[in-house]
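Visitor: Just the structure for this:
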Amino acid sequence: MSAEKLEITRLGGQGDGIAETPKGQVFVPFTLPGDIINAAVEKDRGTLISLLEASGDRTEPPCPHFGTDADPGACGGCAVQHMADEAYRDWKRGLVVAALEGRGIKAEVAPLVAATPHNRRRVVFAARRTEAGLALGFNKAQSHEIVPVETCVIATTRINGALPALQRIAASVAVGREAFRLTVLDTHSGFDLAVEAPFRLSETDRLQIIAIMRKEAGMARLTFNGEILIEKQPPQLDFGGITVNPPPGGFVQASDSAETVMGDLVTGHLKKAKRVADLFSGAGTFTLRLAEKSHVHAVEGDQPSLNALDRAARHTQGIKPVSVERRDLFRRPLMFSELKTYQGLCFDPPRAGAEAQAKEIAKSVIPRIAAVSCNPVTLARDLEILMAGGYRLLSVTPIDQFLWSAHVEVVALLERPRR
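Guide: Numbers count the residues shown, from 1 in each chain. Next comes the predicted model:
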């Protein structure tokens, strides 16, 4: 490893600064375009040693756990807290622009819908039992080392207030030496906790964990590797005014405010459709909102999520009929012949995108499509397929719900021009 003087010229897709050198690109975390630095370089990775000249886009990170140098205690939960707001928003919007341009798609991309601190209702902590006690926090950047946190500026105020209780609960779970994950979902009825661990629990362990959970206020449910250990009350989320009890570990949007923005874009685009297909529906994020005006057919591969959606729809008065179908849309997408009865369609796939399904949608005559994605690269591929099939791209809106990270949500709205 050698020390080199580098000039950072641009920011990469994961938030690392990039320097051009005679040997190729070097990626340096915690740096920004305009920085001149000394860095320890090994192959294409650099570690910031000292900042010789600071970029004009630098700002003071709001979190005491965030590191902008070689600080061994630097938390890796966030990538770009040291970046000024305007530059940050331009960079994140630019990720979407670059993904579209990579597919030859020229479109006007709206300004980023910004996220705010203390807005994340779903946070994934890393935890491990150590000689000094239970470490609960986030992994250091490019490392498996856990940096304990006493506060988190992205998590809701309620999650921050519950950190001591979460520490005690995680300590009761940590019966093995291996690291594990604790996902915390802040719901209206209390915290929904889901542990994923590489070790097993004895019956005595279970009883001890349940006893600790009973003592802690504000806790709704705890699951361990998918097994419900205790449910004091069902966790409750609000999808467009409809109460849903999400399944253990089921997917939900990380930010309630970002979900509302996405829901408004989708429902506004499809509001005139009498029948709508909601593909990769999850527990009903968009289905239940769409059902206010449309008959909705929800298709999802995860049965527990589909069950939660079905229960919510059945117990809600005043909405249009909702039907559900369990189906692996990657292996068995809805064929274009099955899409004939719909006037609107929404799809929100995992990061891999919906390539096979997009090919079938492209053959259909559905007038309006809402495409939602957490991955601009696979979204651009799917949009290219739809546009090749005759759809016209109306708008692209990037939405930030993973503050100070490289992740960005996108809602793209399309229509098939009338013949």
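Visitor: what about the residue nearest to D205 when sequence neighbours are not counted, how many neighbours?
Guide: Counting by CB to CB, 6 or more residues apart in numbering, D205 lies nearest to V175, which is 5.1 Å off, once chain neighbours are set aside. For every residue, glycine as well, the C-beta is placed using N, CA and C. Counted with other CB atoms under 10 Å, the neighbours of V175 add up to 18.
Visitor: so who does V175 touch?
Guide: V175 is in contact with 199, 201-202, 205, counting by CB atoms under 8 Å, 6 or more residues apart in numbering.
Visitor: Filter these down to the buried ones.
Guide: 201, 205 (16 or more other CB atoms under 10 Å).
Visitor: Of all pairs in the contacts of V175, which one spans the longest distance?
Guide: F199 and S202 (10.4 Å; CB to CB).
Visitor: Would you check that V80 makes contact with W404?
Guide: Yes. Judged on CB atoms under 8 Å, V80 makes contact with W404 at a distance of 5.3 Å.
Visitor: which one of the two has more residues nearby?
Guide: V80 (26 against 23).
Visitor: Chain neighbours aside, what residue packs nearest to that one?
Guide: G15 (4.7 Å).
Visitor: burial of the one you found, as a residue count?
Guide: G15 has 25 nearby residues by other CB under 10 Å.
Visitor: Also T31?
Guide: Count around T31 with other CB under 10 Å applied: 30.
Visitor: Now do the helices in the chain.
Guide: 85-102, 157-161, 163-173, 203-215, 256-270, 287-290, 303-314, 355-363, 376-388 (DSSP state H).
Visitor: List the buried residues in the fourth one.
Guide: If I follow you right, that is helix 203-215. 205, 209, 212-213.
Visitor: still on that earlier bit, okay, and the common contacts of V80 and W404?
Guide: Y88.
Visitor: just for the protein, where's the confidence low?
Guide: 1, 67-73, 419 (pLDDT under 70).
Visitor: Can you pull up the most central residue in it?
Guide: When the chain is reduced to its mean C-alpha position, the closest residue under CA atoms, centre = their mean turns out to be A254, at 5.6 Å.
Visitor: hang on, it packs against Q401?
Guide: Yes. Assessed by CB under 8 Å, A254 is found in contact with Q401 at 5.2 Å.
Visitor: what's the overlap in contacts for these two?
Guide: Joint contacts of A254 and Q401 (CB under 8 Å, 6+ apart) are R120.
Visitor: which of the helices of the chain is buried the deepest?
Guide: helix 287-290 (a mean of 29; mean count of other CB atoms under 10 Å).
Visitor: Can you name every helix or strand that it contacts?
Guide: If you count contacts as 3 or more CB pairs under 8 Å, 6 or more residues apart in numbering; DSSP states H and E, helix 287-290 packs onto helix 256-270, strand 275-279, strand 295-300, helix 303-314.
Visitor: Tell me where the stretch 51-200 of the chain has strands.
Guide: Taking DSSP state E, counting those that start in this stretch, the strands of the stretch 51-200 of the chain run over residues 122-130, 133-139, 146-148, 180-187, 190-196.
Visitor: Let's have those in JSON lines, adding mean neighbour count and distance to P246.
Guide: JSON lines is the format used below for those (neighbours: other CB atoms under 10 Å; distance: least, CB to CB, whole Å):
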{"stretch": "strand 122-130", "mean neighbour count": "20", "distance to P246": "10"}
{"stretch": "strand 133-139", "mean neighbour count": "19", "distance to P246": "23"}
{"stretch": "strand 146-148", "mean neighbour count": "21", "distance to P246": "27"}
{"stretch": "strand 180-187", "mean neighbour count": "20", "distance to P246": "7"}
{"stretch": "strand 190-196", "mean neighbour count": "23", "distance to P246": "7"}
